[in-house]
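K.L.:
sequence plus the predicted model coming up.
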Amino acid sequence: MTAVPAGPAVPAGPAVPAGPAVPGSAEPLLAARGVSVYFPVGSQLAARIRHEERLLRAVDGVDLEIGHGEVLALVGESGSGKSTLALALAGLRPVDRGEIRFDGRALPANRSRADRRRIQMVFQDPYSSLNPRLTVGGMLGELLRVHHVVPRSQVKAFSTELLTLVGLGESDLSAYPRQFSGGQRQRVAIARALALRPDVLVADEPVSALDVSVQATILNLLRDLRGELGLTLLLISHNLAVVRHLCDRVAVMYLGRIVEMAPTEQLFSAPRHPYTQGLLAAIPRLTDSAVTRRARCGSRPGAGSAPAARWRSRAASRRTRPCPPRLTTRDTWPPATSPSGR
Ligand SMILES: Nc1ncnc2c1ncn2[C@@H]1O[C@H](COP(=O)(O)OP(=O)(O)OP(=O)(O)O)[C@@H](O)[C@H]1O
Ligand SMILES: [Mg+2]
């Protein structure tokens, strides 16, 4: 092996066509062009001795576009590369191939502070993403001062404004992250991301660690912020009901590639790629028995066709999530030809 090992077997077949064109700005706000991110796997020493390079293609030549003010969902099973792609888009993970473009401009590997400000992330676990030693006021104040977002004299007023925006209050400025509930902590994390006045918010499973009742309030908050601030949002979620409710378009990721991208209603009513069809069929229904679910979902594709690391994480997720769809060699398996799916 001299280069990146071959990916899973990709049976030939017709490409999944893009959805209908929608009017809008010619240049997307954020775009990935042929983006790949690789991770070394196994013993690198043994690989070097054999002049091999053992790499896991976590993200494999992804083309993706997010328009101004759009809410794009990124869905796909565990280990498909969603978080890795999100980190690459936010500039928190280097890209091995391809480029990230923002507002018509290719972003360099080392982004300027101004460029970093424009794309902010909200993570799944709000507790680990907040500094436990700083009060909310201290954390927001530091951020606002370092990035010169507002004059020093206005830091407290702006911090209070941010907390009000996410449904908290001035009294919360003096509280530490441990003093909040999970839902409140996620609100603080969103306030922190908004503090830098980003153009794009990348939310990686922002509610999956929260109680169901709290999930709705955070999702409504994101929807309201989109309306109030005109935010562009990339939402990663395993909850397809949430995706359908909140998002304009959906990109479906499988084994590091975008396999289908379409406007939300079109994707849900007429999914074209067999993987998308399986993903939608795997949504559990209250009327399902274990037997009918098993029959609907089938078994996973041949494990020999994909890097073992991917299957490990997928096996772990199977305990808590709907089983993955069955793909056979008869199924079409090209990546989507159009990056936009518009
Ligand atoms: N730092 C890392 N080093 C090595 N491999 C990694 C690293 N981060 C991710 N991977 C691998 O890259 C693949 C994609 O991981 P990623 O976290 O992007 O998946 P995901 O789609 O976000 O999954 P989930 O839905 O479970 O969050 C996985 O096989 C994972 O094991
Ligand atoms: Mg993830």
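P.N.:
Ah, there it is. Ligands and ions are numbered 1, 2, ... in the order given.

K.L.:
pick out the residue nearest the middle of the protein.
P.N.:
Central residue of the chain (C-alpha atoms, centre = their mean): residue 236, 3.6 Å from the mean position.

K.L.:
which residues touch that residue?
P.N.:
73, 74, 75, 82, 83, 86, 202, 203, 204, 205 (C-beta atoms under 8 Å, 6 or more residues apart in numbering). To be clear about C-beta, it is placed using only N, CA and C from the backbone, and glycine gets the same treatment.

K.L.:
what about the host helix or strand of residue 114, average pLDDT?
P.N.:
According to DSSP states H and E, residue 114 maps onto helix 113-118. For helix 113-118, the mean per-residue pLDDT is 91.

K.L.:
with just CA atoms, put that helix into PDB.
P.N.:
As requested, the backbone C-alpha atoms of helix 113-118 are provided in PDB (Å, rounded to 0.1, in the frame of the first residue of the first chain):
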ATOM      1  CA  ARG A 113      -8.700  35.500  13.700                       C
ATOM      2  CA  ALA A 114     -11.400  37.300  11.700                       C
ATOM      3  CA  ASP A 115     -12.000  34.200   9.500                       C
ATOM      4  CA  ARG A 116     -12.200  31.900  12.600                       C
ATOM      5  CA  ARG A 117     -14.800  34.200  14.100                       C
ATOM      6  CA  ARG A 118     -17.100  33.800  11.200                       C
END
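
K.L.:
ok, then the element right after that helix?
P.N.:
Heading C-terminal from helix 113-118 (DSSP H and E), you reach strand 119-122.

K.L.:
does that following strand come close to ligand 1?
P.N.:
No - Strand 119-122 stays clear of ligand 1 (C-beta under 6 Å from any ligand atom), getting no nearer than 12.6 Å.

K.L.:
how about the helix or strand following that strand: buried residues?
P.N.:
Next helix or strand after strand 119-122 toward the C-terminus (DSSP H and E): helix 136-146. Buried residues in helix 136-146, counted by 16 or more other C-beta atoms under 10 Å: 136, 137, 139, 140, 141, 143, 144.

K.L.:
looking at those, which is nearest residue 33?
P.N.:
Residue 33 has its nearest neighbour among the buried residues of helix 136-146 in residue 143, at 30.4 Å by C-beta to C-beta.

K.L.:
so what pLDDT did the closest one get?
P.N.:
What the model reports for residue 143 is a pLDDT of 93.

K.L.:
so what's it up against?
P.N.:
Residue 143 neighbours (C-beta under 8 Å, 6+ apart): 149, 192, 195, 196.

K.L.:
in helices, which of these appear?
P.N.:
Secondary structure assignment by DSSP state H places 192, 195 of the contacts of residue 143 in helices.

K.L.:
list the buried residues in stretch 150-169.
P.N.:
In stretch 150-169, counting by 16+ other C-beta under 10 Å, buried: 150, 155, 156, 158, 159, 160, 162, 163, 165, 166, 167, 168.

K.L.:
which of the residues you listed lies closest to ligand 1?
P.N.:
Distances from ligand 1 to those, taken as C-beta to the nearest ligand atom, are shortest for residue 166 (23.9 Å).

K.L.:
give me phi/psi at that closest one?
P.N.:
Dihedral angles of residue 166 (phi, psi; degrees, to the nearest 10) stand at phi -100, psi 20.

K.L.:
do the one 10 residues further on as well
P.N.:
When quoted as degrees, to the nearest 10, the phi and psi of residue 176 stand at phi -90, psi 160.

K.L.:
quick one: it from ligand 1, how far?
P.N.:
28 Å (C-beta to the nearest ligand atom, to the nearest Å).

K.L.:
check residue 177 too.
P.N.:
22 Å.

K.L.:
which of the contacts of residue 143 sits closest to ligand 1?
P.N.:
Checking these against ligand 1 by C-beta to the nearest ligand atom gives residue 192 as the nearest, at 21.2 Å.

K.L.:
so that closest one touches residue 126, yeah?
P.N.:
No - between residue 192 and residue 126 there is no contact under C-beta atoms under 8 Å: 9.6 Å.

K.L.:
neighbour count winner among those two?
P.N.:
Set side by side, residue 192 and residue 126 show more neighbours around residue 126, with 24 against 21, by other C-beta atoms under 10 Å.
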